[in-house]
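Asker: Fold the following, please.
(chains A and B)
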Amino acid sequence: MDRIIFGDNQFFGVSHMSEDRGMERMRRFQDTAEIIKVIDAAYDCGIHAFTFSTHDRVAQICDHFRANPRRYADLRLYPVLPYAQKYAHLVNEKGVVGAISDVLLADNSVSNVFGMLLRGSMALLTQDPIKVMTILVDAEMKMFRELSLGAVFLQNNLADLVLGLGIEEVFAAFTQHIETRYNTRAGFMTLNMPQMAEFLKGAAVQRPLICAAINKVGFQMNPDIATYEKTLRSNSIDAMAMSVMAAGAVPPREAFEYVAKVGGVASIIFGASTRSHIEHTQHVLSDVGWC
Amino acid sequence: MLRGAVVGFGRMGITHYAILNTHPDVKMVAVCDSSDTMLKNLKRFTGVQVYTDLREMLDTAKPDFLIVSTPTASHAEIGVAAVERGVHLFMEKPFSLTVEEGQRLVEQADKRGIVNHVGYFLRFCPVFGTVRSMLGNGLIGELKTYRNDMFGRTVLKASKSSWRAAKKMGGGCMLDFGSHCLDLSDYLFGPVVHVSGSQLQTIYSAEVEDAFMSTLRHAGGVTGMVHINWSDESYRRPYNRLEVFGTQGRIVADRQEVRVYLREARPEAGVGQGWSVKYLPELEKGVRFSVRGSDYTEQIDHFIECLKTGQKPRCTFADALRTDVVIERIRKDAAANRELKWTA
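Answerer: Numbering: from 1, shown residues only, chains lettered A, B, ... in the order given. The predicted structure is shown next:
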């Protein structure tokens, strides 16, 4: 497991602190070359692990990685799927079932492999929904082909919905598919880490990899910070910490010190938009004894 | 244990179900939807009873409460069926397609003592809650004017299949985005008494509006402008922005932060002179289980609390009906198209 992973929210207009800041970053990074400059800065600072959503523009970044294998010889990617906003738009238009059906049909390689989909993806969705899920995973994973993977995450909106619905089969099947097809670990993002850890135990996912907000002010930590700390100290999961600075509510040194000392955290994800910000963060991480 | 059921298992229905399914005082007993594919899978993986007929579900599963997350056009009929059977109601927004049917449902629900709530979740957004307390405490003095905007990329092309593009089904941005903002105006500034300057625009849809603006006057005298557009691709997701001007300062808020400008410091409220900012991480509290953001859980748990204690819900049918009335007035105002004519 990589100790430090570079996040991608800042590139695609996601800011948990401010909508204005998100917009401003979206403008700044609308040219993919600007994103690659920041990625290169991180890589040259020794951060070789990156997490990416399956945003359309990530496909271009992956093309760039593939075109320069020597430059990125030690690269490891941690994809997060599916990209929620992409599906949200389709669901608005066609409803939940219609959206799934549409994605299946839109993907040529998928409809070639599963000729029956052309006759009716609805039928397959009724007969074998787990199979449909693996097809959707493969469709989203295509952009990462030939690139080295650290783990593949199920995005929190979907993972938490499945958790709420209580469907163990989805987590078990996702884990199995990622391990066998991609030869890497499956992970789960969540806004409810303690409940997710408990539930995955029931779904027979051994020592699950869970990515969640972990910060000293309890931001996006449900139900509360004390329950998170208890789960972390139980040493039953591999935890990946994001939102460590709680969208800017906690100063960097204080933020990383907390995560370094709380115990049970395997990796930290952080995002930055400039080389100096990356260098500063690394400096702080080393100061607090993280690496 | 309260027995819950859902009718309409789309995005909001699934979300509410997942949140309720983890509630310690609730047992979800049934789901009704028109999609056979959805129901078969739900039954297979969760074991919950599924129905395609609402009345059959209400009569056999006998829920204590029903979550209604179907298109707006069906709300009145579903509401009446539930009320007749004494089933408490959480209805997705907007409340009703016409004021008459909404009015009847308000009366029937009140007569039968049905606990009723409408899903205007912005009332549970911590930032707008903070704005409401600030306004209530007179932080920026006497309120004069405001702007209440909502933009997003929900409709970016003409659609034949989506209910959002169909007038009869309750499509259009007025009922979807617009109702959120109009309810927020009601929540923050009180009932609307006058509507003027309303303009509706179609952008991609054939039968319904994709943008509108309107000027509202509230009972307390404050006036504000509402500006909505759900066909703007430049927004990654739906975006709300509120700007309120008072005699002592100004408040600018979206779902993630609130900025305040004060002419003079208010030490007792902990706010200094000039600009100050509060961000969501300071304002948001943890919830027992969060899906797609904590506001939905705050809202549903509040409804369950109302069922248990009999307290009045934060957004009753009667509250939401006021927004339906304003929507109707805006449509009339826009149709009347009162413009001053002049010659060059």
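Asker: For the chain, give me the ranges with low pLDDT.
Answerer: Using chain A here. For chain A, applying pLDDT under 70 flags the ranges A:17, A:89, A:104-123.
Asker: Correction: the question concerned chain B.
Answerer: For chain B, the stretches with pLDDT under 70 are B:338, B:340, B:344.
Asker: Which single residue of it ends up nearest chain A?
Answerer: B:A18 (2.6 Å; Cβ to the nearest Cβ). Every C-beta, even on glycine, is put in place using the N, C-alpha and C of the backbone.
Asker: SS state for that residue?
Answerer: Put simply, B:A18 is helix when judged by DSSP: H, G, I helix; E, B strand; the rest coil.
Asker: Surely it and A:A159 touch.
Answerer: No - taking Cβ atoms under 8 Å as the definition, B:A18 is not a contact partner of A:A159, at 11.0 Å.
Asker: May I have the residues that are in contact with the residue of chain B closest to chain A?
Answerer: A:D160, A:L161, A:L163, A:G164, A:L165, B:V291 (Cβ atoms under 8 Å, 6 or more residues apart in numbering or on different chains).
Asker: Inside helices: which ones of those?
Answerer: Using DSSP state H, the subset of these located in helices is A:D160, A:L161, A:L163, A:G164, A:L165.
Asker: List, out of the residues you listed, those positioned next to chain B.
Answerer: Filtering the ones in helices among the contacts of B:A18 for proximity to chain B (criterion: Cβ under 8 Å from any Cβ of the partner chain) leaves A:D160, A:L161, A:L163, A:G164, A:L165.
Asker: List just the nearest of these to chain B.
Answerer: Of those, the one sitting nearest to chain B (Cβ to the nearest Cβ) turns out to be A:G164, at 2.6 Å.
Asker: who touches that closest one in this structure?
Answerer: B:Y17, B:A18, B:I19, B:N21, B:T22, B:F289, B:V291.
Asker: Now it. Nearest residue, chain neighbours left out?
Answerer: Using Cβ to Cβ, 6 or more residues apart in numbering or on different chains and skipping residues adjacent in sequence, the residue nearest A:G164 is B:A18, 2.6 Å away.
Asker: Using CSV, lay out the contacts of B:A18 together with distance to B:S231.
Answerer: Conversion of these to CSV gives the following (distance: Cβ to Cβ, whole Å):
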residue, distance to B:S231
A:D160, 30
A:L161, 27
A:L163, 34
A:G164, 32
A:L165, 32
B:V291, 27
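Asker: what's the neighbour count on the nearest residue to A:F199 once chain neighbours are set aside?
Answerer: Counting by Cβ to Cβ, 6+ apart, A:F199 lies nearest to A:L163, which is 5.6 Å off, once chain neighbours are set aside. Residues near A:L163, counting by other Cβ atoms under 10 Å in any protein chain shown, number 28.
Asker: Mind checking which residue lies nearest the centre of chain B?
Answerer: B:Y120 (2.4 Å; Cα atoms, centre = their mean).
Asker: where's it relative to B:L184, distance?
Answerer: 8 Å (Cβ to Cβ, to the nearest Å).
Asker: Now for A:L232: which residues touch it?
Answerer: A:L232 neighbours (Cβ under 8 Å, 6+ apart): A:I214, A:A239, A:V262, A:G263, A:G264, A:V265.
Asker: among those residues, who's most crowded?
Answerer: Neighbour-wise, the contacts of A:L232 (other Cβ under 10 Å) top out at A:I214, 29 neighbours.
Asker: Say whether chain B is contacted by the helix or strand that A:R25 is a member of.
Answerer: Using DSSP states H and E, the element containing A:R25 is helix A:19-28. Yes - using Cβ under 8 Å from any Cβ, helix A:19-28 reaches chain B at A:E19, A:D20, A:G22, A:M26.
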